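Predicted model and sequence below, questions to follow.
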Amino acid sequence: MSNLAQRLLTAFIAIPIVFVLLWFCDYSRIGLMCFLAGVGAWEWAGMVSKMYKGPDMRYLSFAASFALTLAWALASGGFFGLTAVPYVVGMTAMIVFGLYIAIAYAKVEIDHMFPWMVMHLAAPLYLGLWGGINVQMMGNGQGLEHCYPFILVMTSVWLCDTVAYFFGKFAAGKGPFGRHPFAPNISPKKTWEGSIAGSVATIAWVAYWAKCSSALAVFDVRLDWTFAVVLGLLITVAGQAGDLLMSALKRWSGTKDSGNLFVGHGGVLDRCDSFYLAAPMLVLLMDFFKNIA
């Protein structure tokens, strides 16, 4: 089976599963987010282990990122029929820090203890403490309307990646379009032309969502056209930066695909690289906008 056929088959199976989990209830939504964060951290730890000798941190990375994402859900309140749990994110982060530092002191040689600890600890910090904020885009109850902000970011980064890929592959360098490398040292195939095309498509898509008054109901914020353009620009810039961050991590560790969870597509960090930087940015921007409006 060709790689394209594998990719299409995986997408045909995975996308409906994701939407069913988002639609069903808060248990399935938060469970999905915790699972993806954990698997992403597992992949991250596997790449770091190629560069620095030390104990296998994949299991702890999975558990730490899973726990931090769950902590954000508990701190938000409303999920699982519970009220907000105070200090749970900070306490969970302190435990994670303590465990990583203790393992580094006990199991890692002093010559590379600091870079080993920084690079391994980056997995739960990025995917759990930062990326876990994405659970605040979700509400409690059955139906996709409780996940509109999440779906907005998810479809936006998918659209940006898809348009950038196909425009850069088939249009850049032809006709009036040039072919200028976007980040040649990190991802040589990316072009400025593809990046701009993906950005325009993303901004247009977010502006289209501005017609839906409940698009950001979780944040009690109504999108107007001007703010939608700003929001679309933020999502596309953050998403492409997240893509490059994961590309840099893979190139640094000599890894082609971060994992094989999605056959033909790679791992969580291959598919969700843009999302994990863009989604928390949306949450923070919505919180800022709500408080100044």
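That came through fine.

Can you show me the CA trace of the helix or strand where residue 117 lies as PDB?
Here residue 117 sits within helix 113-124, counting by DSSP states H and E. Presented in PDB, the C-alpha positions along helix 113-124 are these (Å, rounded to 0.1, in the frame of the first residue of the first chain):
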ATOM      1  CA  MET A 113      23.100  16.200  33.700                       C
ATOM      2  CA  PHE A 114      21.900  19.700  33.000                       C
ATOM      3  CA  PRO A 115      21.100  19.300  29.200                       C
ATOM      4  CA  TRP A 116      19.600  15.900  29.900                       C
ATOM      5  CA  MET A 117      17.300  17.300  32.600                       C
ATOM      6  CA  VAL A 118      16.300  20.400  30.600                       C
ATOM      7  CA  MET A 119      15.500  18.500  27.400                       C
ATOM      8  CA  HIS A 120      13.600  15.700  29.200                       C
ATOM      9  CA  LEU A 121      11.700  18.100  31.500                       C
ATOM     10  CA  ALA A 122      10.700  20.200  28.400                       C
ATOM     11  CA  ALA A 123       8.300  17.400  27.400                       C
ATOM     12  CA  PRO A 124       5.800  17.700  30.300                       C
END
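
ok now that helix, how far from the chain's centre?
Its chain's C-alpha centre and that of helix 113-124 lie 19 Å apart, by C-alpha atoms, centre = their mean, to the nearest Å.

tell me the mean pLDDT over it?
Across helix 113-124, the average pLDDT comes to 95.

So which bits of it are buried?
Neighbour counts over helix 113-124 (16 or more other C-beta atoms under 10 Å) mark 113, 116-117, 119-124 as buried. Heads up, the C-betas are built off the backbone N, CA and C, glycines and all.

Would you mind listing the outside residues contacting the helix or strand following it?
Counting by DSSP H and E, the next helix or strand C-terminal to helix 113-124 is helix 148-170. For helix 148-170, the surrounding residues in contact (C-beta atoms under 8 Å, 6 or more residues apart in numbering) are 22, 134, 137-138, 144, 189-191, 193-195, 197-199, 201-202, 205-206, 209, 212, 214-219, 232, 235-236, 239-240, 243, 274-275, 278-279, 282-283, 286.

what number of residues lie near residue 240?
26 (other C-beta atoms under 10 Å).

nope, residue 193 is what I was after
By other C-beta under 10 Å, 20 other residues sit near residue 193.

got a list of what the residue most central in space within the chain touches?
With distances taken as C-alpha atoms, centre = their mean, residue 276 lies nearest the centre of the chain, 1.9 Å away. Residues counted as contacts of residue 276 (C-beta under 8 Å, 6+ apart) are 40, 126-127, 130-131, 134, 242.

before we move on, the earlier item: quick check: of the buried residues of helix 113-124, which lies closest to residue 33?
residue 124 (14.1 Å; C-beta to C-beta).

hang on, that closest one packs against residue 64?
Yes - using C-beta atoms under 8 Å, residue 124 is in contact with residue 64, at 3.7 Å.

what touches both of the two?
Jointly contacting residue 124 and residue 64 under the rule C-beta under 8 Å, 6+ apart are 41, 96.

hey, where'd the strands end up in the stretch 151-293 of the chain?
For the stretch 151-293 of the chain, strands defined by DSSP state E, counting those that start in this stretch occupy the ranges 181-183, 187-191.

how about these, which one is nearest residue 45?
Of all the strands of the stretch 151-293 of the chain, strand 187-191 sits nearest to residue 45, with 22.3 Å by C-beta to C-beta.

How far does the closest one sit from its chain's centre?
20 Å.

Can you spell out which helices and strands pack onto it?
Where contact means 3 or more C-beta pairs under 8 Å, 6 or more residues apart in numbering; DSSP states H and E, strand 187-191 is packed against helix 148-170, strand 181-183, helix 225-253.
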